[in-house]
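J.: My questions concern the predicted model and sequence given below.
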Amino acid sequence: MRAGLQGLAALIFLALSAPLLAQTLPPPFLIIEQDRLLRDSRPGQEILRREQADRDALRAEGRALDAQFEAEELELTERRDQMDAAAFRELADAFDTKVVETRRVQEEKETAISRRADARRRQFLQQVQPILLQLLDESGAASIVDRRFVLIFKQDLNITTEVIKRLDAATDPAPGGETPGATEN
């Protein structure tokens, strides 16, 4: 009878302590929202601002080139009746070559802007990595997963706000308005 009571007591103890034991286990993973991290942190906002400025400058240049080409095309069209066909064809072909080459150069500039943006984002993630590793160590979690790849999760696993807070604290503007670790790309 005594052994039965001890067994029953052990079962009751295990049943009552199981939720406590489960609560002390580290989470298997944490969640990060990379898009929000970029959008809401000061360093991320600077990256996005620079990307937008690069794109805006290229668009403005493209609009100016378009206006220039429209004016040249109109002038060429107006001169057509005053020229012989061979001379007009030579000017029209030169104009077409110029337009095609300019578009190629603009596409190269767009590619360069994309490469710079990718490089800035990679640098940003390298800047964030020590903070993520610190949070992994503090939580005991095994990994951090991007929110886009998780269907459903407990909100307390989302560390984005904490990462933003730590990143902004680590990159507070230094005297003179410079951001430590920020480099021009």
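T.: Done, it's in. Note that this is a predicted model, so its numbers are computed, not measured. Numbering: from 1, shown residues only.

J.: Going by C-alpha atoms from here, please, whenever you check contacts or count neighbours.
T.: OK.

J.: would you list every one of the helices in the protein?
T.: Counting by DSSP state H, the chain has helices at residues 2-24, 34-40, 42-79, 85-139, 160-170.

J.: any idea which of the ones you listed scores lowest on pLDDT?
T.: Per-stretch mean pLDDT for the helices of the chain is lowest at helix 2-24 (a mean of 53).

J.: Tell me, how many residues neighbour Leu167?
T.: 21 (other Cα atoms under 10 Å).

J.: quick one: Ala53 and Ala92, what's the gap?
T.: For Ala53, the distance to Ala92 equals 35 Å [Cα to Cα, to the nearest Å].

J.: So which of those two has more stuff around it?
T.: For Ala53 versus Ala92, neighbours defined as other Cα under 10 Å are more numerous around Ala92 (16 against 12).

J.: quick one: Leu30 and Leu157 touch, right?
T.: Yes: contact criterion Cα atoms under 8 Å: Leu30 and Leu157 qualify, at 4.9 Å.

J.: what about the two, which has more around it?
T.: Leu30 (25 against 16).

J.: isn't Val163 right next to Leu132, touching?
T.: Yes: with contacts counted by Cα under 8 Å, Val163 reaches Leu132, the gap being 7.2 Å.

J.: For Gly140, give me phi and psi.
T.: phi 80, psi 0 (degrees, to the nearest 10).

J.: With adjacent residues omitted, what lies nearest to it?
T.: Nearest residue to Gly140 in three dimensions, chain neighbours excluded: Pro26, at 5.1 Å (Cα to Cα, 6 or more residues apart in numbering).

J.: What is the burial count for that neighbour?
T.: 13.

J.: these two touch, right, it and Ser143?
T.: No: distance between Pro26 and Ser143: 11.1 Å, which falls outside the contact criterion (Cα under 8 Å).

J.: Overlap of the contact sets of these two?
T.: Shared contacts of Pro26 and Ser143, defined by Cα atoms under 8 Å, 6 or more residues apart in numbering, are absent.

J.: Show residues contacting stretch 129-145.
T.: By Cα under 8 Å, 6+ apart, the residues outside stretch 129-145 that reach it are 26-32, 163, 166-167.
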